[in-house]
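A.B. asks: need a structure here:
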Amino acid sequence: MAAAGEGEEQWRGTLYPARLPSFRRIPAPAALADRVRWFWIPEWNLAPGRVSRQELLPFPALNLVVQPDGVTLSGPATRRSFRDLSGRGWALGLLLRPAAVPVFVQDPGSLRDVEIPFPAPDLLAAVSAAMADDDDASRRTAAAAAAVHWLEAQVPAPNADALLANRLEDLIQSDQFLIRVAQAAEQLGVSVRTVQRLARRHVGLPPLAMIRRYRLQEAAERVRLDPTTPIADIAAELGYADQAHLAAAFREVLGFTASSYRRSAGGT
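C.D. replies: Sure thing, here's the model as predicted:
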């Protein structure tokens, strides 16, 4: 589990945080914040025969993931997913900003709900060497630093169009009252077609899907963290037409209702 006092932002995107192994998020340095949002590092050491299932909310972004056996590129998720952990291991993930995505894949839509090998042997070697350190804090810091060094060499500073894609992501993530693509276009001062092109080129999802996934992220977090707030109130505060629309979003994407999630998450 994470150290006491770490913010709830640490767990966004995870359905059942209490089931997590050791897990840390390290913000990207300012010079690279336009290319990667944060580094995430889980570590686990489970007893023989034990499996820890980590269930994840769909997230409209791509991740580059380093593990002892290789590097993979994980596309934008459209449904609940999971990873089964066993034995002893670690991973270092880079949550990519939209501006960086074209460096890694020309058609991110082809990677929806898909994870593929990515050739980065120098990144794998540097991170693996850092993670061999016996000191917990030192190895995580060194692993993130190795990833920063690799990114600086491999991913150039984004152009104006790529930065606009970042602004689209920031807007959708931060404005909980934004529920239509036309609203995003108006706030960015561009056409709806431009917003659609940015989302397709830099995320691999339609912009409306991005909006709905971020709203569902927020809703799931509120349902889990605010057990006394009526779900109907949460739906209204997040721009859903009513509780039935929020319930439909939960069932469609996650496969269960908001109320059942609240019960199960409260018991973890």
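A.B. asks: when you work out contacts or count neighbours from here on, use the C-alpha atoms and nothing else.
C.D. replies: OK.
A.B. asks: residue nearest the middle of the protein, spatially speaking?
C.D. replies: Phe59 (5.0 Å; CA atoms, centre = their mean).
A.B. asks: which stretch of helix or strand covers it?
C.D. replies: Per DSSP states H and E, Phe59 falls between elements, in no helix or strand.
A.B. asks: which residues are in contact with it?
C.D. replies: 13, 76-78, 213-214, 217 (CA atoms under 8 Å, 6 or more residues apart in numbering).
A.B. asks: and Val101, by the same measure?
C.D. replies: Taking CA under 8 Å, 6+ apart, one finds 62, 108, 202-203 in contact with Val101.
A.B. asks: next SSE downstream of the least confident helix or strand in the chain by mean pLDDT?
C.D. replies: When each helix and strand of the chain is scored by mean pLDDT, DSSP states H and E, strand 51-56 comes last, with a mean of 78. Downstream of strand 51-56, the next assigned helix or strand under DSSP H and E is strand 63-67.
A.B. asks: and the contacts of that next one?
C.D. replies: Where contact means CA under 8 Å, 6+ apart, the residues beyond strand 63-67 that reach it are 71-75, 90-96, 123-124, 127-128.
A.B. asks: relative to Thr229, which of the residues you listed is nearest.
C.D. replies: Thr229 lies nearest to Leu95 out of the contacts of strand 63-67, by CA to CA, at 30.9 Å.
A.B. asks: any idea what that closest one is bridged to?
C.D. replies: Note on Leu95: beta-bridge partners by DSSP bridges are Trp38, Asn63.
A.B. asks: gap between it and Asp233?
C.D. replies: With distances taken as CA to CA, to the nearest Å, Leu95 is found 31 Å from Asp233.
A.B. asks: who has more neighbours out of these two?
C.D. replies: The neighbour comparison of Leu95 against Asp233 (other CA atoms under 10 Å) goes to Leu95, with 19 against 12.
A.B. asks: what helix or strand is the most far-flung residue of the chain relative to its centre on?
C.D. replies: Taking CA atoms, centre = their mean, the residue of the chain most remote from its mean C-alpha position is Pro48, at 29.6 Å. Counting by DSSP H and E, there is no helix or strand that carries Pro48.
A.B. asks: neighbours around the closest residue to it other than its chain neighbours, how many?
C.D. replies: Once flanking residues are discounted, Pro48 sits nearest to Gly87: 6.4 Å by CA to CA, 6 or more residues apart in numbering. By other CA under 10 Å, the residues close to Gly87 number 13.
A.B. asks: distance of Gly87 from Arg193?
C.D. replies: 48 Å.
A.B. asks: on that earlier part again, helices - which of the contacts of strand 63-67 land there?
C.D. replies: 123-124, 127-128 (DSSP state H).
A.B. asks: quick check: PyMOL command selecting the buried ones in those residues.
C.D. replies: Command for PyMOL that selects the buried part of those, burial taken from 16 or more other CA atoms under 10 Å:
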select buried, resi 123+124+127+128
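A.B. asks: what bits of the protein have low per-residue confidence?
C.D. replies: Residue ranges of the chain with pLDDT under 70: 1-21, 266-268.
A.B. asks: helices of that one, start to end?
C.D. replies: 101-104, 121-131, 136-154, 160-174, 181-188, 192-202, 207-225, 231-237, 243-254, 258-266.
A.B. asks: who does the last one touch, helix- and strand-wise?
C.D. replies: Right, the one you point to is helix 258-266. Judged by 3 or more CA pairs under 8 Å, 6 or more residues apart in numbering; DSSP states H and E, helix 258-266 is in contact with helix 207-225, helix 243-254.
A.B. asks: mind listing what's buried in the last one?
C.D. replies: Buried positions in helix 243-254, judged by neighbour count with 16+ other CA under 10 Å: 243, 246-247, 249-250, 254.
A.B. asks: go on, the longest one?
C.D. replies: Along helix 207-225, these residues count as buried under the neighbour rule (16+ other CA under 10 Å): 207-208, 210-224.
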